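Peer 1: quick one, structure for this:
(chains A, B, C and D)
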Amino acid sequence: MIALLLRDLKLAVRAGGGFGLALAFFLIVVVLVPFAVGPNTSRLAPIAAGVLWIGALLACLLSLDRMLALDHEDGTLDLLATAPIPLEGVVLVKACAHWLTTGLPLTLVAAPLGVLLNLPQPGYGWLVLSLACGTPALSMIGAFGAALTVGLKRGGLLLSLLVLPLYVPTLIFGAEVARRGAEGLETQVPLLLSCAITLGVLAAMPFAAAAALRINLR
Amino acid sequence: MGSIWEYANPVKFSRTVSAVLPYVAAAALGCLAVGLVWGFFFTPDDYRQGATVKIIYLHVPAAMIAINAWLMMLAASLIWLIRRHHVSALAARAAAPVGLVMTLIALATGAIWGQPMWGTWWAWDPRLTSFLILTLFYLGYIALWEALEDPDTAADLTSVLCLVGSVFAILSRYAVNFWNQGLHQGASVMRVEAVTGADTEEKVSNVFFAPLMVCMAGFVFLFLALVLLRTRTEIHRRRLKAIEARERMA
Amino acid sequence: MMPELGKYAGTVLSAYAVSLALLVVLVLASIVAARRTARQLEDAEERRKHG
Amino acid sequence: MLSVTDLTCARGGVPVTEGVSFRLDAGEALVLRGPNGIGKTTLLRVIAGLAPPLAGEVEGAEGIAYAGHADGIKAQLSVTENLRFWAAAFGTTDISPALDAFNLRELAHRMAGTLSAGQKRRLGLARLLVTGRPVWVLDEPTVSLDTASVALFADAVRAHLASGGAALIATHIDLGLEARVLELAPFKAKPATRASDFDEAFL
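Peer 2: Okay, here's the model as predicted:
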């Protein structure tokens, strides 16, 4: 399983791995928002936390269809399914690798991008914390969506349609933490709920995703 | 005979549908006609909401069916996953578009009602938002069915999606409640005084209650009729596909 | 014998119109699909028996 | 090592082959033959445990190393990295026998994406050696191999058999192995004759 994780990370950083794609997309979204909303910093400040969360979520979505589809096309999934690694583990590792290559970098660059949107001072810590707690769930739910659509020729759009409603709770609680944090309000409850969802998703979703994958492989 | 699983036989199911469908359809038509005419023409206006109260005869039953259609799909998906009865999977598929239309009706009537009452077509109220999310779930579910070629794979995957989606629908409901405490009537369907305004007198509520119940029955029968009909269509389609596959092989 | 709908006439009528239209479309679509597949299946079964 | 009893396989819900039975003992090879579309790939996938059988049993599936049409090779990784990954996935470490057997030494540090089709195929087959699994299940293993590479492959299979392994190979060409041949055509599934059986109405 560690070998699989290392291989996925290696593939992501090598040429054509699409490692920087999510970050670039995130940057573009954040840069474009002021052009659409107007340069007024007092208008940007209250929506900054939400925009950063949406940007991170969409950037995460962007690379989901590569997570399993590439391995399906070249036969790797068939071979992994016959290897002595449980498919649940494979999916979990895949989601982990996806998080390490998208969720984690997105979390790290969110704070500097917050400056561009005039995120209020107390919000930075909460923003980073909420993304750190929420993005693993995004990757894991995404792995489930990717497992559902892995056999389809052009599953990308369908994948987004399937995954977006599943992202709602994570987005609500995560963005709530960041928003309340920015406004200097109490953040404990949404933070705990966000963590609870992430933990629940990490515990249960590999089984659903592996089931979907098995169905798609036969 | 006697066991409900007998009806998992597609041939027997189809035959039963053909026998039962006219009665169910007639019941649906009758209840809807009586309930809607009664509600529309022969009930008084609510003293606060005026004539808009007449919308509940469509809004509340549609909303109820929209939720229960998903529950039915969940049950059917479980039956498919556990007992592998094709009819069950096809019934889930057949129910999805009906559920989708019901959510659309509930959303549309809600928006139209909200315009004069709340002064806006759309408010990000928890109940409305939940229905919007439910619409997305229906869309995703239907799209997944349409996208997959192999019928058994499609049945399996959509069932898994339905299970996972149900969990997330409930999570979303709580999340949305947390996110915005809302201006929708604190309405549970059965508490009519809540539907029609808490301080309305019981006597007045009953005036709305009876036709509402008839409409609800009408929607339930309509749902049943549509699901039976559409399930039979799906069975036919499946059989057609099998025959064509066999022709290709020969 | 239209009931007195007052200032909400547009609201109520449009709600009914939208809902009933959606229901009618759903019912018609279901019936048309049912007829068409039934016919196709009949053809296929004929072919199977005779062809 | 591998025993298959009365196996019925379906593709897209429609049975394609039925009643397939055979045994494979250590040191034995079995060649599957049959026209296109008869269901060789489906049968092999069922035996490898990737798809469930409609009926029948497969014993010994846990000892199988499967190689299908696609090799599971990543273009952005070198030959060594590809093999090391598969070795780790199957819990082994030594990849040098595999490199030697398929003449990949000189290519060891090339990126897999720069290999020719035949070289890639050799790498895909070398993967079988690093799995350490006794039963090889191969689906058209010689596609895009030249004569010399086919001979190399036949040698590898022979060595594998000599060391107590077994192989089940679907192929059209003569590998020069002393192997039994299983013709799949007689096992073609007959279409269900009764129209109105339980769920069979769908099949």
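
Peer 1: what residue ranges in chain C score low on pLDDT?
Peer 2: C:1-4, C:51 (pLDDT under 70).

Peer 1: separation between the residue in chain D positioned nearest to chain A and D:Lys40?
Peer 2: Residue nearest to chain A within chain D: D:Ala70 (2.7 Å; CB to the nearest CB). (Glycine included, C-beta is placed from N, CA and C.) Separation of D:Ala70 from D:Lys40 (CB to CB, to the nearest Å): 16 Å.

Peer 1: that older thread, so the residue of chain D closest to chain A: helix, strand or coil?
Peer 2: coil (DSSP: H, G, I helix; E, B strand; the rest coil).

Peer 1: need phi/psi at it.
Peer 2: Backbone geometry at D:Ala70, expressed as degrees, to the nearest 10, gives phi -100, psi 140.

Peer 1: contacting residues around it?
Peer 2: Residues near D:Ala70 by CB atoms under 8 Å, 6 or more residues apart in numbering or on different chains: A:73-76, A:78.

Peer 1: got it, and B:Ala245?
Peer 2: By CB under 8 Å, 6+ apart, the neighbours of B:Ala245 are D:12, D:14.

Peer 1: which helix or strand contains it?
Peer 2: Assigned by DSSP states H and E, B:Ala245 belongs to helix B:202-249.

Peer 1: report the distance from that helix to the chain centre.
Peer 2: Relative to its chain's centre, helix B:202-249 lies at 9 Å (CA atoms, centre = their mean, to the nearest Å).

Peer 1: any regions of chain A where pLDDT drops low?
Peer 2: In chain A, residues with pLDDT under 70: A:15-17.

Peer 1: which helix runs longest in it?
Peer 2: The single longest helix within chain A, with elements called by DSSP state H, is helix A:188-217.

Peer 1: which strands and helices sit next to that one?
Peer 2: For helix A:188-217, the elements it packs on are helix A:76-82, helix A:87-98, helix A:123-148, helix A:156-182, helix B:151-179, judged by 3 or more CB pairs under 8 Å, 6 or more residues apart in numbering or on different chains; DSSP states H and E.

Peer 1: the third one vs chain B: in contact?
Peer 2: Read that as helix A:123-148. Yes - on the criterion CB under 8 Å from any CB of the partner chain, helix A:123-148 is in touch with chain B at A:144, A:148.

Peer 1: which ones are touching C:Ser14?
Peer 2: B:Ile112.

Peer 1: quick one: secondary structure of the residue nearest to the spatial centre of chain D?
Peer 2: What sits nearest the mean C-alpha location of chain D, by CA atoms, centre = their mean, is D:Leu138, with 1.7 Å. Look at D:Leu138: counting by three-state DSSP, its state is strand.

Peer 1: spit out the contact partners of it.
Peer 2: Counting by CB under 8 Å, 6+ apart, D:Leu138 touches D:44, D:66-67, D:125, D:128, D:167-171.

Peer 1: now the residues you listed in a markdown table, with distance to A:Leu108?
Peer 2: Supplementary listing: these in a markdown table, determined by distance: CB to CB, whole Å:
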| residue | distance to A:Leu108 |
| --- | --- |
| D:Leu44 | 46 |
| D:Tyr66 | 40 |
| D:Ala67 | 41 |
| D:Leu125 | 42 |
| D:Leu128 | 42 |
| D:Ala167 | 50 |
| D:Leu168 | 50 |
| D:Ile169 | 51 |
| D:Ala170 | 50 |
| D:Thr171 | 52 |
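
Peer 1: which one among those residues gets closest to A:Gly142?
Peer 2: Minimum distance to A:Gly142 across these is 27.8 Å, recorded for D:Tyr66 (CB to CB).

Peer 1: what's the nearest residue to the closest one if we skip its chain neighbours?
Peer 2: Once flanking residues are discounted, D:Tyr66 sits nearest to D:Ala48: 4.0 Å by CB to CB, 6 or more residues apart in numbering or on different chains.

Peer 1: what do you get for B:Ala210?
Peer 2: Going by CB to CB, 6+ apart, B:Ala210 has B:Trp38 as its nearest residue, at 7.6 Å.

Peer 1: quick one: name whatever helix or strand follows the helix or strand where B:Ala96 lies.
Peer 2: Using DSSP H and E, B:Ala96 sits in helix B:86-118. Remark: after helix B:86-118, the chain's next helix or strand is helix B:126-147, criterion DSSP H and E.

Peer 1: and that following helix with helix A:156-182, angle?
Peer 2: Per axes from the mean of the first three to the mean of the last three CA atoms, to 10 degrees, the angle that helix B:126-147 makes with helix A:156-182 is 160 degrees.

Peer 1: which neighbouring elements make contact with helix B:126-147?
Peer 2: Judged by 3+ CB pairs under 8 Å, 6+ apart, helix B:126-147 is in contact with helix A:156-182, helix B:56-83, helix B:86-118, helix B:151-179.

Peer 1: leaving out the residues flanking it, which one is nearest to the residue in chain A positioned nearest to chain D?
Peer 2: Closest contact between chain A and chain D, by CB to the nearest CB, is at A:Gly75 (2.7 Å). Leaving aside its chain neighbours, A:Gly75 sits nearest to D:Ala70 (2.7 Å; criterion: CB to CB, 6+ apart).

Peer 1: now do the one you found against A:Gly103, distance only.
Peer 2: D:Ala70 is 29 Å from A:Gly103, by CB to CB.

Peer 1: follow-up on the earlier one: now tabulate the helices and strands packed on helix B:126-147 in a markdown table and tack on mean neighbour count and distance to C:Ala38.
Peer 2: Output for these, formatted as a markdown table (neighbours: other CB atoms under 10 Å in any protein chain shown; distance: least, CB to CB, whole Å):
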| stretch | mean neighbour count | distance to C:Ala38 |
| --- | --- | --- |
| helix A:156-182 | 24 | 30 |
| helix B:56-83 | 21 | 22 |
| helix B:86-118 | 23 | 15 |
| helix B:151-179 | 21 | 18 |
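
Peer 1: could these go into a markdown table alongside distance to B:Val34?
Peer 2: Formatted as a markdown table, those follow (distance: least, CB to CB, whole Å):
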| stretch | distance to B:Val34 |
| --- | --- |
| helix A:156-182 | 37 |
| helix B:56-83 | 11 |
| helix B:86-118 | 19 |
| helix B:151-179 | 33 |
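
Peer 1: kindly reformat those helices as TSV containing distance to chain C.
Peer 2: Output for the helices and strands packed on helix B:126-147, formatted as TSV (distance: least, CB to the nearest CB, whole Å):
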stretch	distance to chain C
helix A:156-182	21
helix B:56-83	4
helix B:86-118	4
helix B:151-179	14
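
Peer 1: closest one to A:Ile215 among these?
Peer 2: helix B:151-179 (4.4 Å).

Peer 1: hmm, the closest one in reach of chain D?
Peer 2: Yes - against chain D, helix B:151-179 shows contacts by CB under 8 Å from any CB at B:151-152.

Peer 1: cool, stretch A:51-64 as well?
Peer 2: No - Stretch A:51-64 does not reach chain D (CB under 8 Å from any CB); its nearest approach is 15.6 Å.

Peer 1: ok, and does that stretch reach over to chain B?
Peer 2: No - figure legend: stretch A:51-64 not in contact with chain B (CB under 8 Å from any CB); closest approach 12.8 Å.

Peer 1: list of residues touching that stretch?
Peer 2: Taking contacts as CB under 8 Å, 6+ apart, the residues outside stretch A:51-64 that touch it are A:18, A:21-23, A:25-26, A:29-30, A:33, A:98, A:101-103, A:106-107, A:110, A:113-114, A:117, A:119, A:127, A:130-131, A:134-135, A:138-139, A:142-143, A:145-146, A:159-160, A:163-164, A:167, A:171, A:174-175, A:178.
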